[in-house]
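Enquirer: I'd like to go over a predicted model; first the sequence, then the structure.
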Amino acid sequence: MYSMPTDTLPDAFTNPATEYEALAHAVGLIDPATAGVLRLTGKDRVRFLNAMITNDVAALATGHMCPALMTTTRGKIVAELLVLAGADDLRVLVLQGPVAQVAESLESHIIADDVTLENLSDAHAMIAVEGPRCRELVWRIFPREPLPLEGGTFTENDYQGMRATVVRHSLVGDKGMLVIVERAYYERMKAYLVQGAVGMDGAEIGGGAWNTRRVENGRPWFGADVTADNFPAECGLESHVSYDKGCYLGQETIARMHYRGHPNWKLVGLSGANEVPAAGAELVAASGGKTDDATAGRVTSAVFSPMLKGALCLAYVRTPLAVAGAVFHIRGAAAPLTLIDLPLKGGPTNA
């Protein structure tokens, strides 16, 4: 079962508006409590994992990472992953999706391979440092240590005996760094980061501000925008897929959808001055002043966007209708929603 940010966090630690400002303009700390950490060792680890997930693990140099998905044999999404290539191991961060299911699926496919899988999730914790001043805050904790300055990289760091892996990646779809530490050091590390963030007009971030900012960035989240019935091409997650490497679980369906056609549905952004609609609301298309009664889509996430000063939604619409400027209505309501490009300004940089 997938979880949303609001399932594991309070809506706000202080108030949502202050936390949103910190996340958008300074720095914010997010605790993705459901994230997991797996470790693979053995001489066959690269070949094995490459055959299990969507991106090209074999192309990774030591100290580099890539986003990937685990999918079913039918190409439907199970989990979102980050794969970190170490000198002697591969670490798989399960950012979204069921950690135990990912671990069990990998374990069940280790037959004659020289691969050992460890689930380190109970012994490790992750802190997401998000926002335009994220690197400045992490630098304060590790002032004499190298940090990952480029997207797609990570470093191993030490502060007063606390080992930490720092990954250049954002959960929100903006600028961000993930700090992974042993759980025994989690509270201490978090206290240092919170203290530093407050001195930089930052804050600890609740589910409300996280949810708003990730919708503004067009960042799909499991449990709302991604379900067990979705394919990568529907969700805008094709950046997690390599179309040049060999076979993997679900590859045939995913490749066929990419090369020979398109998905029936596409996740898009919709904006409007009307009230924030409910998740699950049906959409109908409007053209030439007329409304088509056929179902054109469905809202998956909806927030009030401070940037737009109005409603902003993520929604699945039929692919032929997914063009900028297309107008939709919530079934039974007159106020329009217009299809817009996301993120609202700039692109998700993971920088």
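Expert: That came in fine, so what should we check first? Numbering: from 1, shown residues only.

Enquirer: What are the boundaries of the strands in the stretch 201-350 of the chain?
Expert: 203-204, 265-272, 282-287, 290-305, 310-318, 327-330, 336-340 (DSSP state E, counting those that start in this stretch).

Enquirer: where's the nearest residue to D244 once chain neighbours are set aside relative to C66, distance?
Expert: Counting by Cβ to Cβ, 6 or more residues apart in numbering, D244 lies nearest to D56, which is 7.0 Å off, once chain neighbours are set aside. To be clear about C-beta, it is placed using only N, CA and C from the backbone, and glycine gets the same treatment. From D56 across to C66, the span is 7 Å (Cβ to Cβ, to the nearest Å).

Enquirer: Which neighbours do those two have in common?
Expert: Shared contacts of D56 and C66 (Cβ atoms under 8 Å, 6 or more residues apart in numbering): none.

Enquirer: follow-up on the earlier one: of all the strands of the stretch 201-350 of the chain, which one is nearest R45?
Expert: When these are compared by Cβ to Cβ, strand 265-272 sits nearest R45, at 32.9 Å.

Enquirer: about what we covered before: who's in contact with the residue nearest to D244?
Expert: Taking Cβ under 8 Å, 6+ apart, one finds 50, 66, 242, 244-245 in contact with D56.

Enquirer: run the last query once more with 7 Å
Expert: 50, 242, 244-245 (Cβ atoms under 7 Å, 6 or more residues apart in numbering).

Enquirer: again, but for D89
Expert: By Cβ under 7 Å, 6+ apart, the contact list for D89 reads 39-41.

Enquirer: wait, which of those residues is closest to A294?
Expert: The closest of the contacts of D89, once distances to A294 are taken by Cβ to Cβ, is L40, at 47.5 Å.

Enquirer: Over to the closest one. Which of the three states is it?
Expert: Put simply, L40 is strand when judged by DSSP: H, G, I helix; E, B strand; the rest coil.

Enquirer: State the phi and psi torsions of the nearest residue to it once chain neighbours are set aside.
Expert: Leaving aside its chain neighbours, L40 sits nearest to L90 (4.5 Å; criterion: Cβ to Cβ, 6+ apart). Dihedral pair for L90: phi -120, psi 130, per degrees, to the nearest 10.

Enquirer: Now name the helix or strand holding W139.
Expert: When elements are assigned from DSSP states H and E, W139 belongs to helix 134-141.

Enquirer: which other residues reach the following helix or strand past that helix?
Expert: For helix 134-141, the succeeding helix or strand toward the C-terminus, using DSSP H and E, is strand 154-159. With contacts defined as Cβ under 7 Å, 6+ apart, strand 154-159 is touched by 63, 65, 84, 141-142, 145-148, 164-168.

Enquirer: Now with 8 Å, please.
Expert: With contact meaning Cβ under 8 Å, 6+ apart, strand 154-159 is reached by 63-65, 84, 141-142, 145-148, 163-168, 189, 192.

Enquirer: Within the sheet, what are the partner strands of that strand, with directions?
Expert: Applying DSSP bridges, strand 154-159 is found paired with strand 162-167 (antiparallel).

Enquirer: contacting residues for A22?
Expert: 28, 131, 197, 201-203, 205, 209.

Enquirer: Just the closest of the residues you listed to M177, please.
Expert: The closest of those to M177 turns out to be G131 (Cβ to Cβ; 10.0 Å).

Enquirer: Not counting its neighbours along the chain, what's nearest the closest one?
Expert: V27 (4.2 Å).

Enquirer: Top of the contacts of D56 by number of neighbours, please.
Expert: N50 (23 neighbours; other Cβ atoms under 10 Å).
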